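**Q** Let's see this in three dimensions:
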Amino acid sequence: MQRRKFIGISALTASLASVKINSNAQTKPAGGPIVISTWDFGKAANAEAWKTLSAGGRAVDAVEAGVKIPEADPNNQSVGYGGLPDRDGRVTLDACIMDDKGGCGSVMCLEYIMHPIAVARLVMEKTPHIVLVGDGALQFALAQGFKKQNLLTPKSEKDWKEWLKEAKYKPVINIENKTAFNSATGSLASATHHFPGGPFNHDTIGMVALDSAGNLGGACTTSGMAYKMHGRVGDSPIIGAGLFVDNEIGAATSTGVGEEVIRIVGSHLVVELMRQGFPPEAACKEAVQRIIKRDEQKARQLQVGFLALNKKGEYGAYALQNGFSFAVKSNTEDQVFPGKSWLS
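**A** Numbers count the residues shown, from 1 in each chain. Here you go, the predicted model:
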């Protein structure tokens with residue numbers, strides 16, 4: 001009888017916990033819609049996403065429109081057009097997208113298409129698959145009406161040829177954001193995507209949003225590590241690593257050295273921690289701690305950052321190294337913030 005009583009109480013407790021979670025899942029953001037994205041160049045991307053969100057549009061539509069801005073920017077050498085090539089001189093792009101209904105689509109190692117995020121969206125909506133890669137992804141894109149174009153800009157080609165002289169490979173921490181945070185203005189100076197000593201980068205734009213209906217969406221897109229081995233794919237297009245959206249709980253995205261994010265399935269981990277009750281920043285910090293615990297010495301030599309948004313519209317970020325930044329746009333904010341970090 002005692003055992004039956006215990007089982008009955010346990011079942012009731014689990015049921016009540018489930019009701020609590022589901023109740024919270026219906027909470028709409030108090031301040032209206034919100035969009036957050038990685039790095040200071042995310043501010044321009046947020047502005048584009050906001051056009052959709054402020055008009056009452058879906059979060060998934062907003063994030064797709066938003067990340068297309070850096071994808072088309074030839075001066076951003078870590079995303080899309082103008083992205084630094086692999087060591088063979090080929091620009092290969094990765095992207096993924098998720099909506100509020102559990103839909104997801106991804107493309108990996110895609111060449112010649114400026115907007116891989118748009119192709120990923122169509123993989124989600126028009127195929128029974130989640131991931132298309134390489135030539136298959138290109139074939140699908142062309143069948144959907146996308147046009148081939150040369151994505152290797154003169155600037156990126158020049159940088160690649162300069163790199164070939166020594167062909168050393170050592171990613172520089174925070175190359176995406178080699179600027180200091182201005183506490184007086186609450187913003188960062190414009191990003192510098194190349195500087196003397198090596199045009200190495202390892203980054204992306206990750207964006208997550210909550211719309212006026214209280215639904216989430218996310219997108220992540222990158223040209224990957226500069227001068228990587230041909231065929232290398234990082235965390236950015238991998239569902240659960242570079243991006244994860246759970247419309248009951250929240251959404252998260254990552255930035256930095258993708259191999260380390262994949263090892264802990266980082267963005268999924270952050271969302272699951274928020275499910276357990278962690279606030280967004282604390283969830284991001286715990287994910288970073290997992291990387292540190294696995295190999296602290298290695299963690300000191302690289303950068304990884306996480307960005308998270310919960311169903312209430314609360315957000316937070318945390319990184320291994322100082323220098324990570326993220327952009328926020330809502331009815332009350334339009335700003336770039338420095339992310340907290342393990343190392344200063």
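**Q** ok so residue 97 is a strand residue?
**A** Yes - Residue 97: assigned to a strand according to DSSP: H, G, I helix; E, B strand; the rest coil.
**Q** Which stretches in the stretch 51-200 of the chain count as helices?
**A** Along the stretch 51-200 of the chain, counting by DSSP state H, counting those that start in this stretch, helices occupy 59-71, 116-126, 134-143, 154-164.
**Q** so which of these comes closest to residue 275?
**A** Ranking these by proximity to residue 275 (C-beta to C-beta) places helix 59-71 first, at 18.9 Å. Every residue, glycine included, has its C-beta placed from N, CA and C.
**Q** so for the closest one, what's the average pLDDT?
**A** The pLDDT scores in helix 59-71 average 98.
**Q** Just the C-alphas of that helix, formatted as PDB.
**A** Output of helix 59-71 as PDB, limited to C-alpha atoms (Å, rounded to 0.1, in the frame of the first residue of the first chain):
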ATOM      1  CA  ALA A  59       9.400  34.700 -36.100                       C
ATOM      2  CA  VAL A  60      10.600  32.300 -38.700                       C
ATOM      3  CA  ASP A  61      10.000  34.800 -41.500                       C
ATOM      4  CA  ALA A  62      11.700  37.500 -39.500                       C
ATOM      5  CA  VAL A  63      14.900  35.500 -38.900                       C
ATOM      6  CA  GLU A  64      15.200  34.400 -42.500                       C
ATOM      7  CA  ALA A  65      14.900  38.000 -43.700                       C
ATOM      8  CA  GLY A  66      17.300  39.200 -41.000                       C
ATOM      9  CA  VAL A  67      20.200  36.900 -41.600                       C
ATOM     10  CA  LYS A  68      20.000  37.600 -45.300                       C
ATOM     11  CA  ILE A  69      21.600  41.000 -44.600                       C
ATOM     12  CA  PRO A  70      25.000  39.600 -43.600                       C
ATOM     13  CA  GLU A  71      24.700  36.900 -46.100                       C
END
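**Q** next one: it to chain centre, how far?
**A** Centroid separation for helix 59-71 versus its chain: 12 Å, with C-alpha atoms, centre = their mean, to the nearest Å.
**Q** Quick one: list the elements packing against it.
**A** strand 34-38, helix 42-53, strand 93-98, helix 116-126, strand 204-210, strand 216-222 (3 or more C-beta pairs under 8 Å, 6 or more residues apart in numbering; DSSP states H and E).
**Q** swap the cut-off to 10 Å and go again
**A** Applying 3 or more C-beta pairs under 10 Å, 6 or more residues apart in numbering; DSSP states H and E, one finds that helix 59-71 contacts strand 34-38, helix 42-53, strand 93-98, helix 116-126, strand 204-210, strand 216-222, strand 243-246, strand 250-256.
**Q** could these go into JSON lines alongside mean neighbour count?
**A** Shown next, in JSON lines, are the helices and strands packed on helix 59-71 (neighbours: other C-beta atoms under 10 Å):
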{"stretch": "strand 34-38", "mean neighbour count": "30"}
{"stretch": "helix 42-53", "mean neighbour count": "23"}
{"stretch": "strand 93-98", "mean neighbour count": "32"}
{"stretch": "helix 116-126", "mean neighbour count": "23"}
{"stretch": "strand 204-210", "mean neighbour count": "32"}
{"stretch": "strand 216-222", "mean neighbour count": "31"}
{"stretch": "strand 243-246", "mean neighbour count": "28"}
{"stretch": "strand 250-256", "mean neighbour count": "33"}
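**Q** Buried deepest among the helices of the stretch 51-200 of the chain, which one?
**A** Most buried of these, by mean neighbour count (mean count of other C-beta atoms under 10 Å): helix 59-71, with a mean of 27.
**Q** Next, the angle from that one to strand 216-222.
**A** Using axes from the mean of the first three to the mean of the last three C-alpha atoms, to 10 degrees, the inter-axis angle of helix 59-71 relative to strand 216-222 is 20 degrees.
**Q** Relative to residue 254, which of the helices of the stretch 51-200 of the chain is closest?
**A** Here helix 59-71 is closest among these (C-beta to C-beta), at 14.4 Å.
**Q** Could you say which helix or strand holds the residue lying closest to residue 289 once chain neighbours are set aside?
**A** Among residues not flanking residue 289 along the chain, residue 342 sits closest, at 7.8 Å (C-beta to C-beta, 6 or more residues apart in numbering). Secondary structure assigned from DSSP states H and E places residue 342 in strand 340-343.
**Q** That strand pairs with which strands, and in what direction?
**A** Strand 340-343 has the following strand partners under DSSP bridges: strand 315-321 (parallel).
**Q** contacting residues around the residue lying closest to residue 133 once chain neighbours are set aside?
**A** Distance criterion C-beta to C-beta, 6+ apart; nearest residue to residue 133, sequence neighbours excluded, is residue 108 at 4.4 Å. For residue 108, the contact set (C-beta atoms under 10 Å, 6 or more residues apart in numbering) comprises 92-96, 116, 120, 131-134, 136-137, 224, 231-234, 236-238.
**Q** From residue 317, how far out is the most centrally placed residue in the chain?
**A** In the chain, the centroid-proximal residue (C-alpha atoms, centre = their mean) is residue 206; its distance is 2.3 Å. Counting by C-beta to C-beta, to the nearest Å, the gap between residue 206 and residue 317 amounts to 11 Å.
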